[in-house]
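Participant: need a 3D model of the sequence below.
(one chain, ligands or ions: 1)
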Amino acid sequence: MCGIVAYVGRKIAQPLLVEGLKRLEYRGYDSAGVAVIDSAGNMHIRRAVGRISVLENTIQNGQALPESFIGMAHTRWATHGAPTECNAHPHLDNSGRIALVHNGIIENYAALKKFLSGKGHQFSSQTDTEVLAVLIGDLYDEMKVQNHIPPGVSPLQRAVQAALHQVEGTYGIAVICKEEPDTLVVARKGSPLIIGVGKDEYVVASDASAIVEHTTQVIYLNDNEMAILKPDAFRTCTIDDIAISPVVSQLENKLEEYELGDYPHYMLKEIFEQPTAISNTLRGRAEQKDGRIVLGGVSKYTRELIRAHRIILTGQGTAWHAGLVGDYLMEDLAKIVTECTYASEFRYRNPIVEEGTVVVAISQSGETADTLAALREAKERGALALGVINAVGSTIARETDAGIYLHAGPEIGVASTKAFTCQIVTLAMLALYIGRRRFMSQAQCQEVIDGLCAIPDQMTKVLEQSDHIRTIVEQFCERENWLFLGRGYHYPVALEGALKLKEISYIHAEGMPAAEMKHGPIALINDGMPVVFIATQGSQYDKVISNIEEVRARGGKIIAVATEGDANIHRYSEHVIEVPDAMECLQPLLTVVPLQLIAYHAALARGCNVDKPRNLAKSVTVE
Ligand code: F6R
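Facilitator: Numbers count the residues shown, from 1 in each chain. Alright, predicted model coming up:
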């Protein structure tokens, strides 16, 4: 949700900034802009509505930027103000000396705007960000007039600190000033910001994808921290100016992992990466030979986990769907009362957190504002807070008491795919880890581990059906309403299938428990409506067949995701997509794959932008 990249060093900034923006484009893509300060100390800004390619064309065709060694850029996901050129970042203060890019929301922007307007300041956009830029400019002037700045201290740093004390809300910001043309000031609260530390240069970005090409040494800023960066020196401190010693970490993912390779879209790449991603999630944790689970990340809290009275799984969107599968897994395998709740609801409902409650925050990005807020609320109320996170070093990962990384590799496609299956695998391992130390037999534990270890190969067989799935989808992709139905472990899969279809092909779809359909939604079914049933063999197979009959009787067309070799299912379905047989509790890992491919092929057939669906952003850092 909005991407920031900023640079100060010895290289020419502009190409580096635009390349960085392209890597961050998945975070927001309604408009973009770049600002640089040239060697004569002049500020230059270019902004454009639309994708980064539009901004790039603007720069290449007639509005070239001069050589400069400091600058910053932004790709926007609109919160305040429509996606227009004047609302695009960077924003300037009134004198045009200071430029700012911002990710987050300044909640008290209206009051600040009124105050600044009263002092005669003008605004040219509807954004909250411009208010912050103007505020910094106003304070910068004040400080210079009062001449209170000690020698060697950047007035820009002081003005930014003073301004941040007045704002309420969230921010990841980068600020430059033409009167200090070698200084880049960055700060964060609630929105991610990572500083890449190179030789005589710093690349700051909202996530590692824009940094990894330049350096693998990074500093993760915490909330209320800032950095003052010059090519040959840097300082980190709090916004109250208390110096902090920076911890330099090593980035985990390699540049190639962020590349598209031979795939046409990141979503397809990530769907096909799932067997490898799952193997990576399992590696060193699911020990098939000994039939045991090793989870170093949570071992310190083993006692608390075994004695837990209640587990609350929380997340948003796809992560919440993974949590719903986790809910079944925890109760099935660990025998602990579990609930899965939307983070956004948990946070504000005055939740009861008794002693012995463990909260597990599930998030691919580790930056989702709602999930982070729920985690903080849970910790505040005394819960043990665990994370199931993909992005190493992300805010949620750093704020949990302990956790398990997915090791799924970077997920760039806006529609989450491989994170979902790796989240389920991780939750299954957590359930086994606890269950084996409570009531689970060694034999049962071994059986589930064997099942988990077989999943990557089984999934490869499902992926081989991509063309078959495409031919099915092409017959239905003009239909504007779809249903996804499943029971038990497949209810969350149905929700996930509907979400995928909605978000990338803009088809209206609903997912629900198959049994729920007859309590109302059955009224939607009309002649030819595509209804996807997850109808694998298992404890509820016969009941699902009855539900299929109910839909067929009303003219619905059945696409069944069924167990390999199930001859019976063909009698009830127009189309069958087969998945290998697996333990019931692990079947979601296989049955979700056809649904991901249905969404992908439907979006392609409808001419939608698969990796950058309208109105969406990959990482939702506002509540
Ligand atoms: C859907 C999707 C979203 C995310 C949700 C949580 O395809 O990607 O629903 O799952 O925004 O994001 P994370 O997992 O980063 O917390």
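
Participant: C-alpha only now, for contacts and for neighbours.
Facilitator: OK.

Participant: how about His214: what's its closest non-neighbour residue?
Facilitator: Once flanking residues are discounted, His214 sits nearest to Gly198: 7.0 Å by Cα to Cα, 6 or more residues apart in numbering.

Participant: thought the one you found was touching Gln217?
Facilitator: Yes - in terms of Cα atoms under 8 Å, Gly198 counts as a neighbour of Gln217; the distance is 7.2 Å.

Participant: which residues touch Gly488?
Facilitator: Pro513, Gln540 (Cα atoms under 8 Å, 6 or more residues apart in numbering).

Participant: in a helix, it, correct?
Facilitator: No - per DSSP: H, G, I helix; E, B strand; the rest coil, Gly488 lies outside any helix segment and is coil.

Participant: any idea of the pLDDT on it?
Facilitator: Note for Gly488: predicted pLDDT of 96.

Participant: next one: Met1
Facilitator: 69.

Participant: buried sites along the helix ranked longest in the chain?
Facilitator: Ranked by residue count, the top helix of the chain under DSSP state H comes out as helix 442-463. Of all the residues in helix 442-463, those buried under the rule 16 or more other Cα atoms under 10 Å are 445-446, 448-453, 455-456, 458-460, 462-463.

Participant: same question for stretch 389-400.
Facilitator: Neighbour-count burial for stretch 389-400, counted by 16+ other Cα under 10 Å, picks out Ile389, Asn390, Ala391, Val392, Gly393, Ser394, Thr395, Ile396, Ala397, Glu399, Thr400.

Participant: not counting sequence-adjacent ones, nearest residue to the third one?
Facilitator: Spatial nearest neighbour of Ala391, excluding adjacent residues (Cα to Cα, 6+ apart): Ser365 at 5.3 Å.

Participant: how about that neighbour, phi and psi?
Facilitator: The phi and psi torsions at Ser365 (degrees, to the nearest 10) take the values phi -80, psi -30.

Participant: returning to that earlier point: relative to Ala6, how far out is the residue nearest to His214?
Facilitator: 13 Å (Cα to Cα, to the nearest Å).

Participant: list the residues that contact both of those two?
Facilitator: With Cα under 8 Å, 6+ apart as the test, Gly198 and Ala6 reach no residue in common.

Participant: which one of the two is surrounded by more residues?
Facilitator: Higher neighbour count among Gly198 and Ala6: Ala6, with 34 against 16, using other Cα atoms under 10 Å.

Participant: what's the closest non-adjacent residue to that one?
Facilitator: Met72 (3.9 Å).

Participant: the closest residue in space to Asp401 that isn't next to it in sequence pairs with what?
Facilitator: Using Cα to Cα, 6+ apart and skipping the chain neighbours, the partner closest in space to Asp401 is Ala385 (5.3 Å). Going by DSSP bridges, Ala385 is paired in beta bridges with Val359.

Participant: check contacts around Ala385.
Facilitator: Neighbours of Ala385 in contact, by Cα under 8 Å, 6+ apart: Val358, Val359, Val360, Ala361, Leu375, Ala378, Lys379, Thr400, Asp401, Ala402.

Participant: tell me which of these fall in strands.
Facilitator: Mapping the contacts of Ala385 onto strands (DSSP state E) picks out Val358, Val359, Val360, Ala361, Ala402.

Participant: end to end on stretch 254-273, go ahead and measure it.
Facilitator: For stretch 254-273, the first and last residues are 15 Å from each other (Cα to Cα).

Participant: quick one: average pLDDT of that stretch?
Facilitator: Average pLDDT, stretch 254-273: 94.

Participant: got it, and stretch 8-25?
Facilitator: Across stretch 8-25, the average pLDDT comes to 94.

Participant: identify each buried residue in that stretch, please.
Facilitator: Judged by neighbour count using 16+ other Cα under 10 Å, the buried positions of stretch 8-25 are 8-9, 12-14, 16-25.

Participant: same deal with stretch 462-480?
Facilitator: Val462, Leu463, Gln465, Ser466, Ile469, Arg470, Ile472, Val473, Phe476, Cys477.

Participant: unless I'm mixing things up, the first one is touching Val579, no?
Facilitator: Spelled out, it's Val462. Yes - Val462 lies in contact with Val579 (Cα under 8 Å); the separation is 5.8 Å.

Participant: overlap in contacts of the two?
Facilitator: Joint contacts of Val462 and Val579 (Cα under 8 Å, 6+ apart) are Leu590.

Participant: all strands for the stretch 51-200 of the chain, in order.
Facilitator: 68-76, 91-92, 98-103, 171-177, 184-189, 194-198 (DSSP state E, counting those that start in this stretch).

Participant: ok, the nearest residue to Ser279 once chain neighbours are set aside to Gly317 distance?
Facilitator: Ranked by Cα to Cα, 6+ apart and with sequence neighbours excluded, the top spatial neighbour of Ser279 is Pro456, at 6.6 Å. Between Pro456 and Gly317 the distance is 24 Å, computed by Cα to Cα.

Participant: run through the bridge partners of the closest residue to Tyr301 other than its chain neighbours.
Facilitator: Spatial nearest neighbour of Tyr301, excluding adjacent residues (Cα to Cα, 6+ apart): Ala402 at 7.9 Å. Beta bridges link Ala402 to Leu386 when assigned by DSSP bridges.

Participant: check contacts around Ala402.
Facilitator: Under the criterion of Cα under 8 Å, 6+ apart, the neighbours of Ala402 are Gly297, Val298, Tyr301, Ala385, Leu386, Gly387.

Participant: now flag whichever of those residues is closest to the ligand.
Facilitator: The closest of the contacts of Ala402 to the ligand turns out to be Gly387 (Cα to the nearest ligand atom; 10.8 Å).

Participant: list the contacts for that closest one?
Facilitator: Residues near Gly387 by Cα under 8 Å, 6+ apart: Val360, Ala361, Ile362, Ser363, Ile396, Ala397, Thr400, Ala402, Gly403, Ile404, Tyr405.

Participant: show me where the stretch 351-500 of the chain has helices.
Facilitator: Here the stretch 351-500 of the chain has its helices, by DSSP state H, counting those that start in this stretch, at 369-380, 395-399, 418-436, 442-463, 466-476, 490-505.

Participant: can you list these in a markdown table and add distance to Gln122?
Facilitator: A markdown table is the format used below for the helices of the stretch 351-500 of the chain (distance: least, Cα to Cα, whole Å):
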| stretch | distance to Gln122 |
| --- | --- |
| helix 369-380 | 32 |
| helix 395-399 | 36 |
| helix 418-436 | 45 |
| helix 442-463 | 57 |
| helix 466-476 | 53 |
| helix 490-505 | 39 |
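
Participant: residues contacting stretch 151-166, please?
Facilitator: For stretch 151-166, using Cα under 8 Å, 6+ apart, the contacting residues are 132, 135-137, 139-140, 143-144, 149, 176-177, 180, 185, 228, 239-241.

Participant: if we use 6 Å, what do you get?
Facilitator: Applying Cα atoms under 6 Å, 6 or more residues apart in numbering, the contact partners of stretch 151-166 are Ile136, Leu139, Tyr140, Ile239.

Participant: leaving out the residues flanking it, which one is nearest to the third one?
Facilitator: This means Tyr140. Leaving aside its chain neighbours, Tyr140 sits nearest to Ala159 (4.9 Å; criterion: Cα to Cα, 6+ apart).
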